[in-house]
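Visitor: Let me see the structure of the following:
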Amino acid sequence: MQLRRRDVVDKAARLLDDYGIADLTMRRLARELGVSPGALYWHFADKQELLGAVADRILEPAVDGQSDAEWQGRIHAICRTLRNALLSTTDGAELVSATLATGKSTALATVLSRLTDAAAAAGVDADHAGLVARTIIHYVLGFTADEQSRIQWDAAGALPEEQSILNEDPTARFAFGLDLLVTGVAHVPGARRVSR
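Guide: Next comes the predicted model:
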């Protein structure tokens, strides 16, 4: 049976979800697929390209929908969908964060483009709209990476009761921080004042 790119991505996504990013190695992936590690490089130039493909798989829900809402509503919708996609997979935020640095995820590029468009719709000038989008992405990735770490530590019983994620509402905390960012977008240089 011929190994297909889709099969490699499927198995890598399952390994990520089952064992986390630390155990997603090319050697382990090849062993699980019953091929030599070199066979993986027929489909992917390097591990970063593979991680980009896995990130694209994780982010599919975040690129499927479009919103017709005003710019504030678009930012909120994009970020909620992005967070939910990241939370759907063990270490999803950490993996997608790594692909942001390498630029290997087309899905993440789409999300960034949509956030940039929303910032431009808020009146943010072209010199700053992309920076606004990246700032918002960094918030979502950072918040969600912290949330996923706390979930894992909590599940292992390693967090004291007062730090347990079960004692708070992460969705409300996320929304609070996102509201701060969205409110701030209207005050970015070149942004016209748009009422909510």
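
Visitor: In the top helix by length along the chain, which residues are buried?
Guide: Using DSSP state H, we find that the single longest helix of the chain is helix 126-155. Using 16 or more other Cβ atoms under 10 Å as the test for burial, helix 126-155 gives 128-130, 132-133, 135-137, 139-141, 143-145, 147-148, 150-151. Where you see a C-beta, it was placed from the backbone N, CA and C, and this is true even at glycine.

Visitor: now the helices for the protein?
Guide: Counting by DSSP H, the chain has helices at residues 5-19, 26-33, 37-40, 47-58, 60-64, 71-87, 92-102, 106-121, 126-155, 170-185.

Visitor: could these be laid out in JSON lines, adding mean pLDDT?
Guide: Converted to JSON lines, the helices of the chain look like this (pLDDT from 0 to 100):
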{"stretch": "helix 5-19", "mean pLDDT": "94"}
{"stretch": "helix 26-33", "mean pLDDT": "94"}
{"stretch": "helix 37-40", "mean pLDDT": "90"}
{"stretch": "helix 47-58", "mean pLDDT": "95"}
{"stretch": "helix 60-64", "mean pLDDT": "90"}
{"stretch": "helix 71-87", "mean pLDDT": "95"}
{"stretch": "helix 92-102", "mean pLDDT": "94"}
{"stretch": "helix 106-121", "mean pLDDT": "96"}
{"stretch": "helix 126-155", "mean pLDDT": "92"}
{"stretch": "helix 170-185", "mean pLDDT": "95"}
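
Visitor: These: which one's closest to residue 163?
Guide: Taking Cβ to Cβ, helix 126-155 is the member of the helices of the chain nearest to residue 163, at 7.6 Å.

Visitor: For that closest one, which helices and strands make contact with it?
Guide: helix 71-87, helix 92-102, helix 106-121, helix 170-185 (3 or more Cβ pairs under 8 Å, 6 or more residues apart in numbering; DSSP states H and E).

Visitor: Ok, which of the helices of the chain comes nearest residue 162?
Guide: helix 126-155 (11.9 Å).

Visitor: The closest one versus helix 106-121: what angle between them?
Guide: 130 degrees (axes from the mean of the first three to the mean of the last three Cα atoms, to 10 degrees).

Visitor: what angle sits between helix 126-155 and helix 92-102?
Guide: 150 degrees.

Visitor: now helix 126-155 against helix 170-185, angle please.
Guide: Going by the same axes, to 10 degrees, helix 126-155 makes 170 degrees with helix 170-185.

Visitor: How far off centre is helix 126-155?
Guide: How far helix 126-155 lies from its chain's middle: 8 Å, per Cα atoms, centre = their mean, to the nearest Å.

Visitor: now do stretch 62-72
Guide: How far stretch 62-72 lies from its chain's middle: 16 Å, per Cα atoms, centre = their mean.

Visitor: residues making contact with that stretch?
Guide: With contact meaning Cβ atoms under 8 Å, 6 or more residues apart in numbering, stretch 62-72 is reached by 73-74, 76-78, 81-82, 85, 107, 110-111, 114, 118-119, 121-122, 182, 185, 194, 196.
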